[in-house]
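Engineer: give me a 3D structure for the following:
(chains A and B)
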Number of protein chains: 2
Amino acid sequence: MVKTKWLALLLVRFLAFAATLSAAIVMATSHQNASVFAVSFEAKYSQTPAFKYFVIANAIVSVYGFLVLFLPSKSLLWRLVVAFDLVFTLLLSSSISAALAIAYVGKKGNSYAGWLPICGQVPKYCDQVKGALVAGFIGVIIYMVLLLHSIHTVLDPLLLKKP
Amino acid sequence: MVKTKWLALLLVRFLAFAATLSAAIVMATSHQNASVFAVSFEAKYSQTPAFKYFVIANAIVSVYGFLVLFLPSKSLLWRLVVAFDLVFTLLLSSSISAALAIAYVGKKGNSYAGWLPICGQVPKYCDQVKGALVAGFIGVIIYMVLLLHSIHTVLDPLLLKKP
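Structural biologist: Numbers count the residues shown, from 1 in each chain, chains lettered A, B, ... in the order given. Below you'll find the predicted structure:
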């Protein structure tokens, strides 16, 4: 592989690692104390299973993303990386969708089910969750691009190279 | 490709099509009328954005799965199918995760956020949603296996064939 292309790929992978790591950290540190009618309570990510799943998924993928950075460019393991990329991209997109679905109810509520929005009481917590979701989105989009790039390189689906 | 292998692949793809189609239909037809304290209300999928997303995603993937069944085995478009499989598998797994996250709140509630479970009031609706989620799960798992199979065939990541 050409050296500049290799460095570009490493840079993109580093960005993906940074995005997933910050998503996990921002979500894991999100909490806010609030009191409503003299009843004080704390909002934090661990109260919502979907947010816990988001933190765990992003933490796992950051560890993987970190390890891949140190794989030598000639290693045969790169063939396995495509399959791992696929599995971890699926994990990321699934965790973000679950967290987003819950965050949406937290923001807008669901009047049919009688679930009230909670962002009015804990705006700082909501903003932090939003930040974590944005970072997670950046991470999953980079991984999707990496995957489509691998598939394109390997399969040449658009038949750009003459056979 | 060997003919029996081809037929097996078509059968698996047909199962995936059937699973996504039934997931979309079962979710789209889920509704129940109930009354609590003389206030009657109707529960249906369209009241929850995550369930709407689930129906739309499964409907799109069923159309795709149906069309792929008629692709001739020699067609060069099969190279493109891997990329499409990837995109649609991501769409499916994302929609199921979102629907599952909401269904979990509907079943268990979230005491921290003050969201009460609703399955006690509308058990038939909940069962139907559960059925749709199970069908959707079967569909996404078949697509994941198909994807890993494609990647395995193309890349031979475990180096089973001697170079």
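Engineer: does A:Gly120 lie in a helix or a strand, and which?
Structural biologist: According to DSSP states H and E, A:Gly120 maps onto no helix or strand at all.
Engineer: please report phi then psi for it.
Structural biologist: Main-chain dihedrals, A:Gly120, degrees, to the nearest 10: phi -60, psi -40.
Engineer: also A:Gln32?
Structural biologist: phi -160, psi 140.
Engineer: tell me the secondary structure for the closest residue to it other than its chain neighbours?
Structural biologist: What sits nearest to A:Gln32 in space, not counting adjacent residues and going by C-beta to C-beta, 6 or more residues apart in numbering or on different chains, is A:Tyr125, at 3.8 Å. Where you see a C-beta, it was placed from the backbone N, CA and C, and this is true even at glycine. Three-state assignment for A:Tyr125 (DSSP: H, G, I helix; E, B strand; the rest coil): helix.
Engineer: what ranges does chain A have for its strands?
Structural biologist: A:31-36, A:39-44 (DSSP state E).
Engineer: mind checking how far the residue nearest to the spatial centre of chain A is from chain B?
Structural biologist: Central residue of chain A (C-alpha atoms, centre = their mean): A:Gly136, 3.0 Å from the mean position. As for A:Gly136, its distance to chain B is 12 Å (criterion: C-beta to the nearest C-beta, to the nearest Å).
Engineer: ok, now which ones touch that residue?
Structural biologist: Neighbour list for A:Gly136: A:19-20, A:23, A:27, A:54, A:58, A:92, A:95-96, A:99 [criterion: C-beta atoms under 8 Å, 6 or more residues apart in numbering or on different chains].
Engineer: now with 7 Å, please.
Structural biologist: By C-beta atoms under 7 Å, 6 or more residues apart in numbering or on different chains, the contact set of A:Gly136 is A:23, A:54, A:58, A:96.
Engineer: give me the subset of these lying in helices.
Structural biologist: Using DSSP state H to define helices, the subset of the contacts of A:Gly136 located there is A:23, A:54, A:58, A:96.
Engineer: okay if I get those residues as CSV plus distance to B:Leu116, neighbour count and pLDDT?
Structural biologist: Below are the ones in helices among the contacts of A:Gly136 laid out as CSV (distance: C-beta to C-beta, whole Å; neighbours: other C-beta atoms under 10 Å in any protein chain shown; pLDDT from 0 to 100):
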residue, distance to B:Leu116, neighbour count, pLDDT
A:Ala23, 30, 31, 95
A:Phe54, 23, 31, 95
A:Asn58, 30, 31, 96
A:Ile96, 26, 27, 95
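Engineer: filter the residues you listed by proximity to chain B?
Structural biologist: Among those, no residue sits close to chain B (C-beta under 7 Å from any C-beta of the partner chain).
Engineer: what is the nearest of those residues to A:Ile151?
Structural biologist: Using C-beta to C-beta, A:Ile96 comes nearest to A:Ile151 of these, at 21.2 Å.
Engineer: roughly how far apart are that closest one and A:Gly106?
Structural biologist: Separation of A:Ile96 from A:Gly106 (C-beta to C-beta, to the nearest Å) stands at 15 Å.
Engineer: so how many other residues sit close to A:Asn110?
Structural biologist: A:Asn110 has 20 neighbours, counted by other C-beta atoms under 10 Å in any protein chain shown.
Engineer: bridging residues for it?
Structural biologist: A:Trp115 (DSSP bridges).
Engineer: any chance of the strands of chain A in CSV, with mean neighbour count, mean pLDDT and distance to A:Ala113 too?
Structural biologist: Below are those laid out as CSV (neighbours: other C-beta atoms under 10 Å in any protein chain shown; pLDDT from 0 to 100; distance: least, C-beta to C-beta, whole Å):
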stretch, mean neighbour count, mean pLDDT, distance to A:Ala113
strand A:31-36, 13, 77, 20
strand A:39-44, 14, 78, 20
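Engineer: can you lay out those as CSV showing distance to B:Phe41?
Structural biologist: Putting the strands of chain A into CSV (distance: least, C-beta to C-beta, whole Å) gives the following:
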stretch, distance to B:Phe41
strand A:31-36, 27
strand A:39-44, 29
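Engineer: which residues sit in contact with the residue nearest to A:Phe88 when sequence neighbours are not counted?
Structural biologist: In space, and not counting its chain neighbours, A:Phe88 is closest to A:Val61: 4.8 Å by C-beta to C-beta, 6+ apart. Neighbouring residues of A:Val61 by C-beta under 7 Å, 6+ apart: A:20, A:88, A:91-92.
Engineer: farthest-separated two in those?
Structural biologist: A:Thr20 and A:Leu91, at 10.4 Å, using C-beta to C-beta across the contacts of A:Val61.
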